[in-house]
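Trainee: Build me a model:
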Amino acid sequence: MKTNMDLSRMTDEEWGHAVAQSEFDYDDPAEEEFPVEREELTLERIQDMLSNRHFKELKEELENNMYPVDLADILEEVDEKQLVLIFRLLVKEEAAETFTYMNSDLREFLINALTDSELEEVMEEMYLDDTVDVLEEMPANVVDRLLMVTGEERRAQINLLLQYPEDSAGSVMNVDYIALNKDMTVEESILKIRQVGLNRETIYTCYVTEKRRLIGAVDIKDLLTTGESRLIEEIMDTNMLYGETTDDQEEVARTIMKYGLIALPIVDHEHCMVGIVTVDDAMLVLQEEETEDISIMAGVNPNDESYFGTTVFEHVKSRIPWLLFLMLSATVTQMIMNSYESAIAVMPQLTGFIPMLTGTGGNCGSQSSALMIRGLAVGEIEFKDLFKIIWKEIRVAISVSLILAVINGCRIMLMGQGDVMMAGTIGVTMACTVIIAKIVGCTLPLFAKKVGLDPAIMATPLISTLVDISTISVYFAIISAVFKI
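Mentor: Next up, the predicted model:
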């Protein structure tokens, strides 16, 4: 047996020989006996078994003592030769599932390192929606190679899914579902599930079709708890939820979560069933949408890569547009302050209150916008509620502003920063600022949603800029009127 073999370049024959031979490589035969309580399979243990060439033991440990999602995390820490070796130790089903959890860089490296036959096995074991997700992240030359090792029928299904608009239900659905006929008996249906269920992502809900048109659904619980001679037509549910291929994927995901569904059937414009969106895909969609909203709210262009997987240049590229916009928009605030130079010259202490007023206004606006964005995202708030929302936010703003104005007025008096008139003027300005900020914060996301924009765009950075401009204008207008300057 070779001792200095390049493990990532082993042929299939050499690889099979190495695994078979490895059972004789143990120094102590007792090591073949596994303890009742397994030791946690850590990165250090995996690397130790690799260095000692305990391939058979590692293969069994990977199969019985490691979740694919955890293994994908561990594989990010190993070197390239170990990565290929570990991946080749996995059984086909586990290898395919682990592959779907990897980041795009690891996937691309493995695709280039594996043989065509190994790639074909992985592609055949992956669910179709996961395959499409992988292909969308890969360079064109890698996509071509993956499609080359894919069967003709499966390649046609992949190409069909790739044609659906991005962010649509069609782009995330899985075409592998169980379809039953209404004239089948329960016994026949269970037999069919046994025959094809292993190749389906979920068997808990089966769909009844007639000439491919969706006419009903049957839960596996109903099949197992009813008489075997009964017809599917007698027990199927015809009052069911479904989505269309062109529906927004977020709306479909919200429907699944709202009604507690395992899967949602997807139909085309002719009501023919073409696939399902499962609950795990819905959770991923919602996670991606929430990540995107958080990024936009922070003034960062969304990025699918992880923080450490994103280069410095890409970080700069995603952040600089908003920073430039906000910096240049601050010019308006500067112009307003310049127009009141005479007032500032007479009362220099006026500038000391500006950061407090603008900061309070920005915080109030951000609170309202965050509530609106969240309400729109979960379907709790709609544009028709605009005036009801404004009226509620005005009442909240009045209550908040009175509390803030009184406390701030006492602070001004106690710290000797002004007299009663100054405290009262700042209090009035504070009240106006809070009311304006609340109205701006609650209305902008609603208008953005109405015109088809992402409400998250109208978040903290933009609202803070608009509130700053409004606050400065109102502040100096009130100061000028009260102190006649």
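
Trainee: rest of the way, CA atoms for contacts and neighbours
Mentor: Will do.

Trainee: give me the element the spatially most central residue of the chain is part of.
Mentor: Nearest residue to the geometric centre of the chain (C-alpha atoms, centre = their mean): E288, 1.6 Å. Using DSSP states H and E, E288 falls within helix 279-297.

Trainee: Which secondary structure elements does that helix sit against?
Mentor: On a contact count with 3 or more C-alpha pairs under 8 Å, 6 or more residues apart in numbering; DSSP states H and E, helix 279-297 meets helix 249-259.

Trainee: how far off helix 279-297 does the helix it packs on point, in degrees?
Mentor: 120 degrees (axes from the mean of the first three to the mean of the last three C-alpha atoms, to 10 degrees).

Trainee: can you list contacts of helix 249-259?
Mentor: 167-169, 172, 243, 262-264, 277, 279, 281-283, 285-286, 289, 378 (C-alpha atoms under 8 Å, 6 or more residues apart in numbering).

Trainee: next structured bit after the helix holding E288?
Mentor: helix 312-338.

Trainee: distance between that following helix and the chain's centre?
Mentor: 27 Å (C-alpha atoms, centre = their mean, to the nearest Å).

Trainee: helices or strands up against that helix?
Mentor: helix 460-483.

Trainee: Show me which parts of the helix it packs on are buried, residue by residue.
Mentor: 460-472, 474-476, 479 (16 or more other C-alpha atoms under 10 Å).

Trainee: now the angle between helix 312-338 and that helix, please.
Mentor: 10 degrees.

Trainee: re earlier: just list the residues touching the residue nearest to the centre of the chain, thanks.
Mentor: No residues are in contact with E288 under the rule C-alpha under 8 Å, 6+ apart.

Trainee: Just list the residues touching I394, thanks.
Mentor: I394 sits in contact with 435, 438-439, where contact means C-alpha under 8 Å, 6+ apart.

Trainee: so which helix or strand takes in it?
Mentor: Under the criterion of DSSP H and E, I394 resides in helix 386-414.

Trainee: Show me where the stretch 101-250 of the chain has its helices.
Mentor: 104-113, 116-125, 128-137, 140-148, 152-162, 169-172, 186-196, 220-224, 232-235, 249-259 (DSSP state H, counting those that start in this stretch).

Trainee: what's the fifth one packed up against?
Mentor: In other words, helix 152-162. Packed next to helix 152-162, using 3+ C-alpha pairs under 8 Å, 6+ apart, are helix 128-137, helix 169-172.

Trainee: change it to 6 Å
Mentor: Judged by 3 or more C-alpha pairs under 6 Å, 6 or more residues apart in numbering; DSSP states H and E, helix 152-162 is in contact with no other helix or strand.

Trainee: That helix versus helix 128-137: what angle between them?
Mentor: Using the same axes, to 10 degrees: helix 152-162 against helix 128-137 is 70 degrees.

Trainee: Helix 152-162: which residues count as buried?
Mentor: Buried, per 16+ other C-alpha under 10 Å, within helix 152-162: 158, 161-162.

Trainee: can you put these in CSV and add distance to P139 and pLDDT?
Mentor: Compiled in CSV, these are given as follows (distance: C-alpha to C-alpha, whole Å; pLDDT from 0 to 100):
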residue, distance to P139, pLDDT
I158, 16, 82
L161, 18, 83
L162, 15, 82
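
Trainee: ok, of those residues, which one's closest to E152?
Mentor: The nearest member of these to E152, counting by C-alpha to C-alpha, is I158 at 9.9 Å.

Trainee: so what's that closest one closest to, chain neighbours aside?
Mentor: Once flanking residues are discounted, I158 sits nearest to V132: 6.4 Å by C-alpha to C-alpha, 6 or more residues apart in numbering.

Trainee: quick one on the thing from earlier: let's see if you can find the most crowded of the contacts of I394.
Mentor: Counting by other C-alpha atoms under 10 Å, K438 has the largest number of neighbours within the contacts of I394, with 29 neighbours.

Trainee: now that residue, nearest residue through space, not along the chain?
Mentor: G365 is the one closest to K438 (C-alpha to C-alpha, 6+ apart), at 5.0 Å.

Trainee: quick one, what contacts the one you found?
Mentor: 437-438, 441 (C-alpha atoms under 6 Å, 6 or more residues apart in numbering).

Trainee: and it, what helix or strand is that in?
Mentor: helix 354-377.

Trainee: angle of that helix against helix 279-297?
Mentor: Using the same axes, to 10 degrees: helix 354-377 against helix 279-297 is 160 degrees.

Trainee: how far out from the middle of the chain is helix 354-377?
Mentor: That offset, for helix 354-377, works out to 24 Å (C-alpha atoms, centre = their mean).

Trainee: got the angle for it vs helix 386-414?
Mentor: 160 degrees.

Trainee: ok, C442 - how many residues close by?
Mentor: Around C442 there are 24 other residues, counting by other C-alpha under 10 Å.

Trainee: Pull up the per-residue confidence for it.
Mentor: Looking at C442, its pLDDT reads 89.

Trainee: which stretches of the chain have low pLDDT?
Mentor: 1-39, 294-309, 457-461, 485 (pLDDT under 70).

Trainee: Longest helix of it, counting residues only.
Mentor: When the chain is parsed with DSSP state H, its longest helix is helix 420-450.

Trainee: Show me which parts of that helix are buried, residue by residue.
Mentor: 422-449.

Trainee: What helices and strands are in contact with it?
Mentor: helix 354-377, helix 386-414, helix 460-483.

Trainee: The longest one vs helix 420-450, what angle?
Mentor: With the same axes, to 10 degrees as the criterion, the two stretches helix 386-414 and helix 420-450 enclose an angle of 150 degrees.

Trainee: Show me what counts as buried in the helix holding G365.
Mentor: By neighbour count on 16+ other C-alpha under 10 Å, the buried set for helix 354-377 is 354, 357-358, 360-370, 372-374, 376-377.

Trainee: With just CA atoms, put that helix into PDB.
Mentor: This file holds the C-alpha atoms of helix 354-377, laid out as PDB (Å, rounded to 0.1, in the frame of the first residue of the first chain):
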ATOM      1  CA  ILE A 354     -28.400  70.900  17.800                       C
ATOM      2  CA  PRO A 355     -26.800  67.400  18.300                       C
ATOM      3  CA  MET A 356     -29.400  66.700  21.100                       C
ATOM      4  CA  LEU A 357     -32.300  67.700  18.900                       C
ATOM      5  CA  THR A 358     -31.200  65.900  15.700                       C
ATOM      6  CA  GLY A 359     -30.200  62.800  17.600                       C
ATOM      7  CA  THR A 360     -33.600  62.600  19.400                       C
ATOM      8  CA  GLY A 361     -35.400  63.200  16.100                       C
ATOM      9  CA  GLY A 362     -33.400  60.500  14.300                       C
ATOM     10  CA  ASN A 363     -34.000  58.000  17.100                       C
ATOM     11  CA  CYS A 364     -37.800  58.700  17.100                       C
ATOM     12  CA  GLY A 365     -38.000  58.300  13.300                       C
ATOM     13  CA  SER A 366     -36.000  55.100  13.400                       C
ATOM     14  CA  GLN A 367     -38.300  53.600  16.000                       C
ATOM     15  CA  SER A 368     -41.400  54.300  13.900                       C
ATOM     16  CA  SER A 369     -39.800  53.100  10.700                       C
ATOM     17  CA  ALA A 370     -38.600  49.800  12.300                       C
ATOM     18  CA  LEU A 371     -42.200  49.100  13.500                       C
ATOM     19  CA  MET A 372     -43.600  49.900  10.000                       C
ATOM     20  CA  ILE A 373     -41.100  47.700   8.200                       C
ATOM     21  CA  ARG A 374     -41.700  44.800  10.500                       C
ATOM     22  CA  GLY A 375     -45.500  45.200  10.200                       C
ATOM     23  CA  LEU A 376     -45.300  45.300   6.400                       C
ATOM     24  CA  ALA A 377     -43.000  42.300   6.300                       C
END
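
Trainee: Understood, closing this out.
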